[in-house]
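Engineer: Sequence first, predicted model second:
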Amino acid sequence: MKIILSLWLGFLTGINPSIAVLEPSVLQAKPGYTLQISTKAAFDKAHYLAKPSIVMNWHNVTVSKKSVRIKLSNGKAVSFVGKPAEKYEVDQEEFSYAGSIAAIHKCLVRCKYWESSRTYIVDQQSGRVDTLWATPSLSPDLTRMASLYAGWGMEEINGVQIYKMVNGRVKPLITIDQQDWVPIDLCWSGSQVVLLKVVPAAVAEKEAGQLARLPASKYKYLQLTIR
């Protein structure tokens, strides 16, 4: 426990703990996953090898200033009608098309609210709609999704969520919602490992609004292994 705590504090502050550590450097161990320190090299390699799962396929998608309409394979349609910010202000709902995942017959619609956002996944065959934190990344074996949401410092979720595919539906599997670090990017390394690029909270406090353009040394990396 002392080793894990020292590792965690060192990770968050950017200081390497002056102790001998057995690999892997496990920071958290839960019934469904482990979270451990990773490296930039591992993240960059996985990011380079990853194949994009989302494409901007506009076939059967109709977008206007106020709405997004998805035509289904059965001839029916699912529509999202928004409330423009210039008229509704705090009650705004602005929808936009976010791409398609052809391998699992899903279409993504992003909604921007006043102080948050969500991604809706429409099944192009049944029309069923599932809600995710943010635009997902699909695992190589097509059985899971992962998404990030950076709500640090606000009354919002902040972390990563893993979903599983169950009979065509997208169901939450793992949720990590915390205030120790801010998620920046993710990529899959195989079908059970998600690598995370994050900024420690101590750094985020000093660099507010510039988290995507920090020096490389400011970023830290985590490995989430699904068990």
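Structural biologist: That came through fine. Residues are numbered from 1 along each chain as shown.
Engineer: Double-check that Glu205 belongs to a helix.
Structural biologist: Yes: secondary structure of Glu205 (DSSP: H, G, I helix; E, B strand; the rest coil): part of a helix.
Engineer: strand partners of the helix or strand harbouring Ala146, parallel vs antiparallel please.
Structural biologist: According to DSSP states H and E, Ala146 maps onto strand 144-150. Taking DSSP bridges as the criterion, strand 144-150 forms sheet pairs with strand 137-138 (antiparallel), strand 158-166 (antiparallel).
Engineer: Let's have those in JSON lines, adding mean neighbour count, distance to Leu27 and mean pLDDT.
Structural biologist: (Each C-beta comes from the backbone N, C-alpha and C, glycine too.) As requested, these are exported to JSON lines (neighbours: other C-beta atoms under 10 Å; distance: least, C-beta to C-beta, whole Å; pLDDT from 0 to 100):
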{"stretch": "strand 137-138", "mean neighbour count": "22", "distance to Leu27": "22", "mean pLDDT": "95"}
{"stretch": "strand 158-166", "mean neighbour count": "20", "distance to Leu27": "13", "mean pLDDT": "94"}
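Engineer: Now do the contacts for Ala77.
Structural biologist: Ala77 makes contacts with 69-71, as judged by C-beta atoms under 8 Å, 6 or more residues apart in numbering.
Engineer: Tell me which stretches of this structure form helices.
Structural biologist: Secondary structure of the chain by DSSP state H: the helices cover 2-13, 40-49, 85-88, 201-206.
Engineer: Low-confidence regions, the protein specifically.
Structural biologist: Applying pLDDT under 70 to the chain flags residues 1-25, 153-155, 208-209.
Engineer: got the domain boundaries for it?
Structural biologist: 1-51+139-227, 55-135 (automatic domain parsing).
Engineer: ends of the shortest one, how far apart?
Structural biologist: By that I understand domain 55-135. Length of domain 55-135, first residue to last, C-alpha to C-alpha, to the nearest Å: 12 Å.
Engineer: ditto for stretch 27-42
Structural biologist: OK, stretch 27-42 end separation, C-alpha to C-alpha: 17 Å.
Engineer: in it, what's buried?
Structural biologist: 27, 33-38 (16 or more other C-beta atoms under 10 Å).
Engineer: ok, back up a step: CA atoms only: put the strand holding Ala146 into PDB for me.
Structural biologist: Written as PDB, here are the backbone C-alpha positions of strand 144-150 (Å, rounded to 0.1, in the frame of the first residue of the first chain):
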ATOM      1  CA  ARG A 144     -15.900  -2.700 -26.400                       C
ATOM      2  CA  MET A 145     -15.800   1.100 -26.600                       C
ATOM      3  CA  ALA A 146     -13.900   3.700 -24.600                       C
ATOM      4  CA  SER A 147     -14.500   7.400 -24.200                       C
ATOM      5  CA  LEU A 148     -13.000  10.300 -22.300                       C
ATOM      6  CA  TYR A 149     -14.700  13.300 -20.700                       C
ATOM      7  CA  ALA A 150     -12.700  16.100 -19.200                       C
END
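Engineer: centre of the chain versus that strand, how much separation?
Structural biologist: On the basis of C-alpha atoms, centre = their mean, to the nearest Å, strand 144-150 is displaced by 2 Å from the centre of the chain it belongs to.
Engineer: Tell me which residues are up against that strand.
Structural biologist: Under C-beta under 8 Å, 6+ apart, the answer for strand 144-150 is 119, 132-139, 156-165, 170, 173, 182-186, 188, 191, 194, 196, 211, 226.
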